[in-house]
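Engineer: predicted model and sequence below, questions to follow.
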Amino acid sequence: MRRWLRRVAVALGALVVLLTFASLAYNAVTSGREVPATKLYAGPFVRIDGTTLSYRRWGASGTPIVLLGGFIEPAWVWHEVGPLLARRHRVYALDLPPFGYSQRRGPYTIGHWARLVQDFDAHFQLVRPTLVGHSLGAAVVVSIGANEPRHTSRIVLLDGDARPGGGPGGWISDLLVPPWYTSIYRIATGSDWIFRRALKSAWGAGTPPYSNAFLDYWERPFRVSGSAAAFRSMLGHGIQGVSAATLRRVRVPRIVLWGAQDKVDSPEAGRRTAALLRARFVVVPSAGHLSLLQAPTAVARAIARFVGGAP
């Protein structure tokens, strides 16, 4: 038995060494994969609180609306909703770091994101804008609405209940050591198959438009310099959100919009959050978690009616 255990240990050790060398070789071959954000996105960019943020903008007049995406979502996800709202409003879509093309500079927390949004608004002289948060972004707009209500006139939660979801503790990042983590990150974030599966689960009725361009919009931001380290850092925070008490403190006008076929965050979760907020709950028919891409007209119309004036 002792001899057998020794052979197993030697075999496992050899496998670890082999995989480590293979990982090092793969990392060397793909070392040029991560590049500065400016090589992947033409802008615009703005410097806020020492962090270079990327954003998109539509419209030249009207009351301001600021759109915030969810986990791993670049501002591109608003490319249809934004122009519809811009018919009567000035609209901005912001990349919360480390998502999209914003600089990978933490901390990546609800509190820090909320401060960046407020200072972004101040930079562009956006007085009490409507804040719209999709998925994870919903927790950011709730945080501002509850803690800094003078910085927003109203908030919209889209497919996001704003509640924490637990997740691994800070110890998990200690296990994700180079070079293995780097290899896994590069393989996973460059895999069309993985993104197809993830997008399908976030879609409602029908099938996502799996064109090369559509997949590239999702995959390209993962090549921004510092992304691998940033996402490793985020793992220690788990699925972030706000407390029920914070939701109850919100007094600014608010509304909850939800895809009827959302399988990522269930409509029941949205209804519970709406009850805590004492807010109206509006269903987007046939849409899944990515309602802003799947039903942009319905989403834009619901937001515009809430703000005042149909798109």
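Structural biologist: Everything's here; your move. What you are looking at is a predicted structure, and each value in this text was computed from that prediction instead of being measured.
Engineer: tell me the contacts of residue 90?
Structural biologist: Residue 90 makes contacts with 57, 58, 59, 60, 61, 62, 63, 64, 65, 126, as judged by Cβ atoms under 8 Å, 6 or more residues apart in numbering. C-beta here means a position set from N, CA and C on the backbone, and glycine is covered the same way.
Engineer: give me the three-state assignment for the nearest residue to the fifth one once chain neighbours are set aside.
Structural biologist: To tie it back to what came earlier, the one meant is residue 61. In space, and not counting its chain neighbours, residue 61 is closest to residue 90: 6.6 Å by Cβ to Cβ, 6 or more residues apart in numbering. Under DSSP: H, G, I helix; E, B strand; the rest coil, residue 90 falls in the strand class.
Engineer: hey, what's residue 90 bridged with?
Structural biologist: Using DSSP bridges, the bridge partners assigned to residue 90 are residue 64.
Engineer: quick one: pLDDT of it?
Structural biologist: On pLDDT, residue 90 comes in at 97.
Engineer: which of the contacts of residue 90 ranks first by neighbour count?
Structural biologist: Among the contacts of residue 90, the one with the most neighbours (other Cβ atoms under 10 Å) is residue 65, at 28 neighbours.
Engineer: does it touch residue 303 like I think?
Structural biologist: Yes. At 7.3 Å, residue 65 counts as touching residue 303 under the criterion of Cβ atoms under 8 Å.
Engineer: how close does the residue nearest to residue 61 sit to residue 70?
Structural biologist: Note on residue 90: its distance to residue 70, by Cβ to Cβ, to the nearest Å, is 22 Å.
Engineer: ok so, going back, now do the shared contacts for residue 65 and residue 303.
Structural biologist: 85, 130, 132.
Engineer: ok, back up a step: of the contacts of residue 90, closest to residue 215?
Structural biologist: Residue 215 lies nearest to residue 58 out of these, by Cβ to Cβ, at 24.0 Å.
Engineer: residue contacts, that closest one?
Structural biologist: Residue 58 makes contact with 82, 83, 85, 86, 90, 91 under the criterion Cβ under 8 Å, 6+ apart.
Engineer: gap between residue 228 and residue 191?
Structural biologist: In terms of Cβ to Cβ, residue 228 sits 15 Å off from residue 191.
Engineer: and the two? Which one has more around it.
Structural biologist: A direct count of neighbours by other Cβ under 10 Å for residue 228 and residue 191 places residue 228 higher, at 23 against 14.
Engineer: how about the more buried one, what does it touch?
Structural biologist: Applying Cβ under 8 Å, 6+ apart, we find residue 228 in contact with 34, 181, 182, 185, 186.
Engineer: show the average pLDDT along the host helix or strand of it.
Structural biologist: Assigned by DSSP states H and E, residue 228 belongs to helix 227-235. Helix 227-235 carries an average pLDDT of 88.
Engineer: chain center to stretch 120-129: distance?
Structural biologist: Centroid separation for stretch 120-129 versus its chain: 21 Å, with Cα atoms, centre = their mean, to the nearest Å.
Engineer: now the terminal residues of it, how far apart.
Structural biologist: End-to-end distance for stretch 120-129: 11 Å, by Cα to Cα, to the nearest Å.
Engineer: point out where the chain drops to low pLDDT.
Structural biologist: Within the chain, the segments meeting pLDDT under 70 span 1-2, 5-30, 166-178, 309-311.
Engineer: for this protein, what's the longest strand?
Structural biologist: strand 51-58 (DSSP state E).
Engineer: just the buried positions in it, please.
Structural biologist: 51, 52, 53, 54, 55, 56, 58 (16 or more other Cβ atoms under 10 Å).
Engineer: also stretch 270-277?
Structural biologist: Using 16+ other Cβ under 10 Å as the test for burial, stretch 270-277 gives 270, 272, 273, 274, 276, 277.
Engineer: centre of the chain to that stretch, how far?
Structural biologist: 21 Å.
Engineer: start and end of stretch 49-66, how far apart?
Structural biologist: End-to-end distance of stretch 49-66 (Cα to Cα): 18 Å.
Engineer: so how far is that stretch from its chain's centroid?
Structural biologist: For stretch 49-66, the distance to the chain centre is 17 Å (Cα atoms, centre = their mean).
Engineer: same thing with stretch 67-82?
Structural biologist: 8 Å.
Engineer: ok, stretch 148-165 next?
Structural biologist: 14 Å.
Engineer: next one: stretch 237-254
Structural biologist: Distance, centroid of stretch 237-254 to centroid of chain: 17 Å (Cα atoms, centre = their mean).
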